[in-house]
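**Student:** Sharing a sequence plus its predicted fold:
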Amino acid sequence: MSENSPHFEKHRNCPVCSSTELKSYRKRTFDINTLNEENIKITDSDYGKTWELARCENCSHVFANPTPSAGFIQSLYAKTEDPEYEEESLGRGKNFQRILAYLERIHPEKGTLLDVGAATGILMHRARQRGWETEGIEPSTWAVEVARAKHDLTLIEGSLETSPLKSNVYTAVTLIDFIEHIAHPVGALSKVHEALLPGGTVCLVTPDVQSLAARVMGKRWWHFRPGHLAYFSKKSLLTVLDRTGFQVVRWKRYAWTFSAHYLLMRMQFLKFLVRNPRLAFFWTKIPIKLALRDSFEVYARKETSA
């Protein structure tokens, strides 16, 4: 397989602002022929692997060009299994609780929440406990089955692009670490906008390609990975939200909570600390909040009808 195959699409215009002012940003750093579902799972730690990336000189959006087709990527995600993601459910749940608490400040009446890229349903489970009606979309067959077995959740198995959504249904839609995985953000957010009730809110979390961490880490930045097809700056994310009819109501930096075990496993020189089973269990009980300031957490509202 090559980047000239039918599995790839060449962009002549920026997927965010439609500008033709595109420049090469980074060369591809992995062999396409060896790409598999293990390389795109959420907990993949082989950082620094990217597609051929271009940068828009107008809005500063960075994206895979050529980009793999949605069908090709979908076929990989459908086969992905990621037990390590579910093992971190406690820390991830803490992250999601903060998001839900803010959404409830905007929408104290709650309502129906759609989680796109729902994985094993951790956010949906927390939301349901807080009184939300929940729906979710997730491409991984394994994750959909875990959500059903562990949390009694029914998710749509598929992608946002192919999943049918009714208009004016949802109070909130969450796109947590999602939009960087798709090639056409304007189309995706337009679909979300249509699905939201007037006055409804979308929450996005996505890496900031112009953050200090991204600049310092360079090609080894932890968000450079094959699963990511798009990298947003503040300017490009504001552009796509404006183009799709959203009004930003809150803009902040995202912070993660992980166990010490999860973080140590991502540092080759410290893995010896978790080889002993007793020590490994000890590290799983220590939560660490990481405020790396290299991801956006954005809340944007669909205008109410005039």
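**Tutor:** Arrived safely.
**Student:** Would you map out the domains in the chain?
**Tutor:** 8-255+291-302, 256-290 (automatic domain parsing).
**Student:** can you list these in CSV and add mean pLDDT and mean neighbour count?
**Tutor:** For glycine as for every other residue, the C-beta is placed from the backbone atoms N, C-alpha and C. Output for those, formatted as CSV (pLDDT from 0 to 100; neighbours: other C-beta atoms under 10 Å):
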stretch, mean pLDDT, mean neighbour count
domain 8-255+291-302, 94, 19
domain 256-290, 58, 14
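**Student:** Three-state assignment for Glu104, please.
**Tutor:** What DSSP: H, G, I helix; E, B strand; the rest coil gives for Glu104 is helix.
**Student:** Looks like it contacts Lys110 (just checking).
**Tutor:** Yes: using C-beta atoms under 8 Å, Glu104 makes contact with Lys110 at a distance of 6.6 Å.
**Student:** what residues are shared contacts of the two?
**Tutor:** Arg130 (C-beta atoms under 8 Å, 6 or more residues apart in numbering).
**Student:** Show the contacting residues for Thr244.
**Tutor:** By C-beta under 8 Å, 6+ apart, the contact set of Thr244 is 186, 189-190, 192-193.
**Student:** what do you get for Arg128?
**Tutor:** Residues in contact with Arg128 (C-beta under 8 Å, 6+ apart) are 134, 151, 153.
**Student:** how about the nearest residue to the second one once chain neighbours are set aside, phi and psi?
**Tutor:** So the one you mean is His151. Using C-beta to C-beta, 6 or more residues apart in numbering and skipping the chain neighbours, the partner closest in space to His151 is His125 (4.3 Å). Here is the backbone geometry of His125 (degrees, to the nearest 10): phi -60, psi -50.
**Student:** His125: what's it in contact with?
**Tutor:** 93, 147, 151, 153.
**Student:** which among these gets closest to Pro139?
**Tutor:** Ala147 (12.5 Å; C-beta to C-beta).
**Student:** how far away is the closest one from Glu135?
**Tutor:** Distance from Ala147 to Glu135, counting by C-beta to C-beta, to the nearest Å: 12 Å.
**Student:** try Ser19
**Tutor:** Ser19 is 35 Å from Glu135, by C-beta to C-beta.
**Student:** for Ala172, helix, strand, or coil?
**Tutor:** strand.
**Student:** And the helices in this structure, which stretches?
**Tutor:** 70-78, 83-87, 89-106, 122-129, 141-151, 185-195, 212-217, 234-243, 260-264, 277-284 (DSSP state H).
**Student:** Name the stretch from the ones you listed that approaches Asn33 most closely.
**Tutor:** Closest among these, using C-beta to C-beta: helix 70-78, at 12.8 Å.
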